[in-house]
Structure formats: structure tokens, C-alpha cells
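Asks: Predicted model and sequence follow; I will ask about them next.
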Amino acid sequence: MDKDNTTAAPPTVAPSAVVSGGAHLSRGTMIWEFTQIREGAFIGPNTSVGSHSYIDADVSVGANCKIQSGALIFKGARLADGVFVGPGAVITNDRVPRAIQPDGTQKRASDWSVTETRVGYGASIGAGATLVAGVDVGDFSLVAAGAVVTRDVPHHGMVAGVPARGAGWVCCCGARLEVTGPQGECPSCQRTHSVESP
């Protein structure tokens, strides 16, 4: 993860945002209205967190990320640099959620363990998408709006649907790749990328 950019401005936090004193906001970070950042969270340089979003305890967000309004990112999430999280997207952390034990007693924090979810460099998570706890989303991949991701997404992979399935391959510029064998070529910027078998 990049170090703080010492030439960037100090963090900007809206008056209505709630930021724990135990959170780290890097230089150039912007936290918009009615957003909550919990203790132990790390927000990298020049990252923007939109209004009405929730960043849970100990979440790590890289540099130059854009988190849109209403995103919910729970403990255990690790976002690399340059990640886009669309409005209303959710990154979860518990594969077997229960409020109570089998005997009916309430579960405590010590009764469950966080499942880590990772989002790779330059990846994009579409509006209203959900990442189920424990998935790895590859570098420069694209999760379509409303998708429910239940398994790993390869680098440059595009997934859509419920549950999400492979729907093609995308360039780092965001355009769909034209794939021949193990190679994809971008018709927009002419870059080429190796792609994994579906």
C-alpha cells in the first residue's frame, strides 16, 4: 500500500461524518456526509468515501480508491489501490451469519471469526453488488451492478448475475477485451492482457 503523499492536502471530513479517533485517514482523503469510519480502519491517500457509507473496524482501503454513496464495507475487507466501489455495494464478512446460538442465547463477538475478502488493484464493484465473505476479486476485474459474487473472480474477469458468473474479460481501461486463446486485446486502447481459462 502506498505511503501517504506528503504533497496532498490533509483529509477533508464532512461535519456530519463520524470518524473514530482510532481510524487512520491519509492525506488527500475525502469523507462525505453522514458516513461512519470505525476504529482501526485505514483509508489510503486520495481516496474518496461517499455519503451514507459505512467502513467497519480494521477495514483496509488503498490509495486512489472511490467508494460511492451508501456502500457498506465490513471488517475483514482488504481493498487494494485504485478500487471503485459503486453505490449501495456490500462487502460482507460472515459466511454463516446467526444472531443466536443453537440454544437460543445471543451470539457475542467472540463467537464468530471474521472471513477476509480481498479486492484487487484497479478492480470495480458495480452498484448494488454483494461480495460474499471470503472471495478474492482480481486486479482490474469488473463486477456488474447487482451481482452476488460467491466465488473468486480472476484478474480482468467480468462477472454478472445471481450468483455471479463469468461474462467476459475487461481491459485496465474498462473496455471489453476481444479474446483469442489465452490473450485479450482491447479495441479501445490496444493494450493486450493474458486471461485465464473460464
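Replies: Received it, and whenever you're ready, just let me know what you need. Residues are numbered from 1 along each chain as shown.
Asks: so where's this protein shaky on pLDDT?
Replies: 1-6, 197-198 (pLDDT under 70).
Asks: would you list every one of the helices in it?
Replies: Secondary structure of the chain (DSSP state H): no helices located.
Asks: For it, identify the residue most remote from the centre.
Replies: Most distant from the centre of the chain: Asp103, at 35.3 Å, with distances by C-alpha atoms, centre = their mean.
Asks: what are the phi and psi values for that residue?
Replies: phi -80, psi 0 (degrees, to the nearest 10).
Asks: Relative to Asp94, how far out is it?
Replies: 19 Å (C-beta to C-beta, to the nearest Å). (Glycine included, C-beta is placed from N, CA and C.)
Asks: got the end-to-end distance for stretch 153-171?
Replies: 14 Å (C-alpha to C-alpha, to the nearest Å).
Asks: for that stretch, which positions count as buried?
Replies: In terms of neighbour count (16 or more other C-beta atoms under 10 Å), stretch 153-171 has its buried residues at 153-160, 164, 167-171.
Asks: returning to that earlier point: contact partners for the residue farthest from the centre of the chain?
Replies: By C-beta atoms under 8 Å, 6 or more residues apart in numbering, Asp103 lies in contact with nothing.
Asks: can you check Gly157 too?
Replies: Gly138, Ser141, Leu142, Gly166, Trp169, Val170, Val195, Glu196.
Asks: could you redo the last one with a cut-off of 6 Å?
Replies: Listed by C-beta atoms under 6 Å, 6 or more residues apart in numbering, the contact set of Gly157 reads Gly138, Ser141.
Asks: and what of His24?
Replies: By C-beta under 6 Å, 6+ apart, the neighbours of His24 are Phe42.
Asks: so it bridges to which residues?
Replies: Phe42 (DSSP bridges).
Asks: Look up how far Asn64 lies from the closest residue to Ala8 other than its chain neighbours.
Replies: Of all residues beyond its chain neighbours, the one nearest Ala8 is Gly28 (3.3 Å), with distances taken as C-beta to C-beta, 6 or more residues apart in numbering. Gly28 sits 9 Å away from Asn64, going by C-beta to C-beta.
Asks: quick one, which of those two is more surrounded?
Replies: Between Gly28 and Asn64, Gly28 has the larger neighbour count (other C-beta atoms under 10 Å), namely 21 against 17.
Asks: quick one: that one from Asp103, how far?
Replies: The value you get for Gly28 to Asp103, if C-beta to C-beta is used, is 50 Å.
Asks: okay if I get the buried residues of stretch 153-171 as a markdown table plus distance to Arg191?
Replies: As requested, those are exported to a markdown table (distance: C-beta to C-beta, whole Å):
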| residue | distance to Arg191 |
| --- | --- |
| Val153 | 19 |
| Pro154 | 17 |
| His155 | 13 |
| His156 | 10 |
| Gly157 | 16 |
| Met158 | 16 |
| Val159 | 21 |
| Ala160 | 22 |
| Ala164 | 25 |
| Ala167 | 20 |
| Gly168 | 16 |
| Trp169 | 12 |
| Val170 | 11 |
| Cys171 | 6 |
